[in-house]
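Enquirer: Would you be able to build a 3D model of this:
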Amino acid sequence: MATTPKAVALKYDQDNDRVPTVIAKGKGLIAERIMQKAGDFGIPLFKNELLADSLLNVNIDEHIPPQLYKAVVEVFVWLSKNEQKLAQKN
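Expert: This next block holds a predicted model:
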């Protein structure tokens with residue numbers, strides 16, 4: 001039995017934002033569309049169901065809560081490393 005897809009998109013501008021903001025979220029078809037858009041723009045997907053479940057409780061355009069800071073920092077570190085690897089290949 002397949003699980004229902006879940007997705008949350010975050011925005012963070014280190015020059016202007018103190019904390020990442022949820023800009024899109026959803027389950028099922030909405031999650032699939034979020035992941036498709038990320039793919040269209042070459043944004044890698046970080047898969048962590050527990051974190052997604054927690055972030056789904058955050059409203060759109062709301063900053064992530066302090067209890068999720070550490071987990072989200074790990075996502076941004078992972079993303080940064082992926083971007084560095086891609087840059088080295090090109």
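Enquirer: OK, contacts around residue 84?
Expert: If you count contacts by Cβ atoms under 8 Å, 6 or more residues apart in numbering, residue 84 has none. Where you see a C-beta, it was placed from the backbone N, CA and C, and this is true even at glycine.
Enquirer: Check residue 59 too.
Expert: Residue 59 touches residue 22, counting by Cβ under 8 Å, 6+ apart.
Enquirer: can you do 10 Å?
Expert: For residue 59, the contacting residues are 21, 22, 25, by Cβ atoms under 10 Å, 6 or more residues apart in numbering.
Enquirer: how far away is it from residue 8?
Expert: As defined by Cβ to Cβ, to the nearest Å, residue 59 lies at a distance of 11 Å from residue 8.
Enquirer: Overlap of the contact sets of those two?
Expert: With Cβ under 10 Å, 6+ apart, residue 59 and residue 8 have common neighbours 22, 25.
Enquirer: residue boundaries of the helices in this structure?
Expert: Ranges of helices in the chain, per DSSP state H, are 29-40, 49-55, 69-89.
Enquirer: What residues sit buried inside stretch 8-15?
Expert: 8, 9, 10, 12 (16 or more other Cβ atoms under 10 Å).
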